[in-house]
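Colleague: below is the sequence, then the predicted model.
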Amino acid sequence: MNSQRIAKKQGGVVLLEGLIAITIFAFGILAIVGIQASTTRAAGDAKYRVDASFLVSQKIGEIWADRDNPQAHVKTDEPFTALPNGKYSVAISGTKPDLTVTVTVSWQAPGESRAHTHMSTTRING
């Protein structure tokens, strides 16, 4: 008779433990999904930075190869389709043989409120 009272008092404990376990598991799954989203966002941002760096190197290389006519490479807010809302500018100061070249690339990723910028300044002598 005493054991029946104890069994009645503990009725539903297994159900409660199961619900708590499911809740903890759900929070774990949500955390994993959040980490995956963050990783995907960071990989996209890294790709945009690599594309911007590649454009900067390409433009500096073009000017270095055409040192006789550097002013032909000056650009302002030219579209760059490899980046979302991408634009680039090329500014040259100084005179031959000592040129200072500044290439600025800007873009704004979808869903972000701020724009990103990559700028490089180099000197070309010769």
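Modeller: Cool, got the structure.
Colleague: so for the closest residue to Asp68 other than its chain neighbours, what's the pLDDT?
Modeller: Excluding the flanking residues, the one nearest Asp68 by CB to CB, 6 or more residues apart in numbering is Lys96, at 7.9 Å. For the C-beta atoms, the positions are set from N, CA and C on the backbone; glycine is no exception. If you check Lys96, the pLDDT there is 77.
Colleague: confirm for me that Lys96 is in contact with Asn69.
Modeller: No. The criterion here is CB atoms under 8 Å, and Lys96 misses it with Asn69 at 9.8 Å.
Colleague: the two: which is more packed in?
Modeller: Lys96 (13 against 9; other CB atoms under 10 Å).
Colleague: identify the residues contacting the more buried one.
Modeller: By CB atoms under 8 Å, 6 or more residues apart in numbering, the contact set of Lys96 is 67-68, 70.
Colleague: in a markdown table, list the residues you listed along with neighbour count, distance to Ala91 and secondary structure.
Modeller: A markdown table is the format used below for the contacts of Lys96 (neighbours: other CB atoms under 10 Å; distance: CB to CB, whole Å; DSSP: H, G, I helix; E, B strand; the rest coil):
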| residue | neighbour count | distance to Ala91 | secondary structure |
| --- | --- | --- | --- |
| Arg67 | 13 | 16 | coil |
| Asp68 | 7 | 19 | coil |
| Pro70 | 19 | 11 | helix |
